[in-house]
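what would the 3D arrangement of this be:
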Amino acid sequence: MATSTAAVERVEAVKRTVTPRRKPSVSQAIIHVVLIMFVIFAFVPLVLTVFMSFRSYGQVLIDFWALPHPWLWQNYVTAWNGVGINILDSLGYCLASTIFTMALAGISGYVFGRHKFPGREVLFLVVLALIMIPGILTLIPTYVLVTYMHIVNTPWALILPWTSGGQVLGIFLVRSYIAGIPEEIFESARLEGASEWAVFRYIGMPMSWPMLMTVGVLQMIGTYNDYIWPSLVINNTNMQPVALALWKYTSTYTISQMGPEFAAYVIAAIPLIALMAFGMRYFIQGATSGAIKL
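Numbering: from 1, shown residues only. Have a look, this model is predicted:
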C-alpha cells in the first residue's frame, strides 16, 4: 500500500514539474492562415485547368465558375490524338537521358569521392566551374557540334546534350554524398577480397541510391520541360518533345476551342505528377542527406 502511495506521489510530482502546453499565439494563427491562403492560391490555377479541360467555350461564356455540364471527355480524346505521340517520344528521350546521367554521375562521383589520384581536386573544381556558365551560352557551340556529328533531327540530338548537361550537378551531388560514407565500409569489403567493381556495385551504388534518385528526378523534370534546345535541333513534327509540341498544338486552335488545349496541358503534366508522387520519398531523403553531408 505504501509503495502504491509513493508511486502516485511521484506521478503527481512529475505532472507538476512538466511545463504546461503553450496555447497557439495570435502570430502563429496569422502565419497558419497566410500559409493556407498561399496553398489555396497555388492550387486554384491547377483546379481551374482541370475544369476547363472538360468544358466548351460556350459553357465558359455562360458561367465561368460553374462546373462542367456536360463533362466533355471528348476533349481528352482530341488532345491525345494531337500530342499523345509527342508525350511518349518525350518520355523516351527523358528516360534515356536520365538513365545515362545517373550511370555516369554515379561512376564519376564514386571516383571523385573514394579514390585519390593526382589532380583530383583541380579536376573537380573545373567540373564545378561549369555550373557558373549559363546554359544559353552553350547553345551555339553545342548546335555546331551536333551538326558536325550529323545527328540533327534524331533522338541523339536531345539525349546526348541532355546527358552531358546533367553531369555537372550529378557529379557534385553524388561525390558529396559518397564522400560522407565512412571509408571503413569500403575497406572492409576490399579486405574480404572484393574487386573495385564489386565494391562500387554492391556498396557504393546501393548506399548512394537516394542521391542518385534525386539526380534522376531533377534530370527528368529539367529535360521534360526543355523547350529551347528541342526547337533548335528537332524539326520533324512527329519527333518533337512535349514542350515544343504543346506550343505548336495550342497555336493551331482558336479561343473557341480551349477545351482540347487545357486537356493537352493536363495530359502533359500527368507524367511529372506521377514522377513526384512515386519519387518524392527518395528525392527528399537524398536532398536532406546531401545537405547534412555537405
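
can you map out the helices along the stretch 1-150 of the chain?
2-17, 26-52, 57-62, 74-114, 120-129, 139-148 (DSSP state H, counting those that start in this stretch).

for stretch 114-128, what does the pLDDT average out to?
Here stretch 114-128 scores 85 as its mean pLDDT.

quick check: buried residues in it?
Across stretch 114-128, burial judged by 16 or more other Cβ atoms under 10 Å covers 114, 124, 127. Just so you know, the C-beta spots here come from the backbone N, C-alpha and C atoms, and that holds for glycine as well.

nearest to Met239, out of those: which one, please.
Nearest to Met239 among these is Val127, at 31.5 Å by Cβ to Cβ.

close enough to count as contact, that closest one and Gly170?
No - the criterion here is Cβ atoms under 8 Å, and Val127 misses it with Gly170 at 10.2 Å.

low-confidence stretches in the stretch 1-150 of the chain?
Residue ranges of the stretch 1-150 of the chain with pLDDT under 70: 1-24.

go on, the stretch 151-294 of the chain?
If you take pLDDT under 70 as the line, the stretch 151-294 of the chain has these spans: 253-256, 283, 285-294.

let's go with 80 and repeat that
Counting by pLDDT under 80, the stretch 151-294 of the chain has low-confidence residues at 250-257, 278-294.

from the buried residues of stretch 114-128, pick the one nearest Met207.
Once Cβ to Cβ is applied, the member of these that ends up nearest Met207 is Arg114, at 11.1 Å.

gap between the closest one and Ile87?
Note on Arg114: its distance to Ile87, by Cβ to Cβ, to the nearest Å, is 39 Å.

got it, and Val33?
Look at Val33 and Ile87: by Cβ to Cβ, they are 39 Å apart.

hmm, back to that, could I get the helices of the stretch 1-150 of the chain as CSV with distance to Trp229?
Formatted as CSV, the helices of the stretch 1-150 of the chain follow (distance: least, Cβ to Cβ, whole Å):
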stretch, distance to Trp229
helix 2-17, 65
helix 26-52, 26
helix 57-62, 34
helix 74-114, 11
helix 120-129, 21
helix 139-148, 7
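
looking at the ones you listed, which is nearest to Trp247?
Nearest of these to Trp247, taken as Cβ to Cβ: helix 74-114 at 10.4 Å.

what packs against that closest one?
helix 120-129, helix 156-165, helix 167-179, helix 209-224, helix 242-251, helix 258-293 (3 or more Cβ pairs under 8 Å, 6 or more residues apart in numbering; DSSP states H and E).

select, out of the ones you listed, the one closest to Met52.
Distance to Met52, taken as Cβ to Cβ, is lowest for helix 258-293 among those, at 4.2 Å.

and that closest one with helix 74-114, angle?
Angle between the axes of helix 258-293 and helix 74-114 is 20 degrees (criterion: axes from the mean of the first three to the mean of the last three Cα atoms, to 10 degrees).

list just the nearest of the buried residues of stretch 114-128 to Ile181.
Arg114 (8.3 Å).

go through the helices of the stretch 1-150 of the chain and pick out the most buried.
helix 74-114 (a mean of 20; mean count of other Cβ atoms under 10 Å).

on that earlier part again, out of the helices of the stretch 1-150 of the chain, the one nearest Thr252 is which?
helix 74-114 (8.4 Å).
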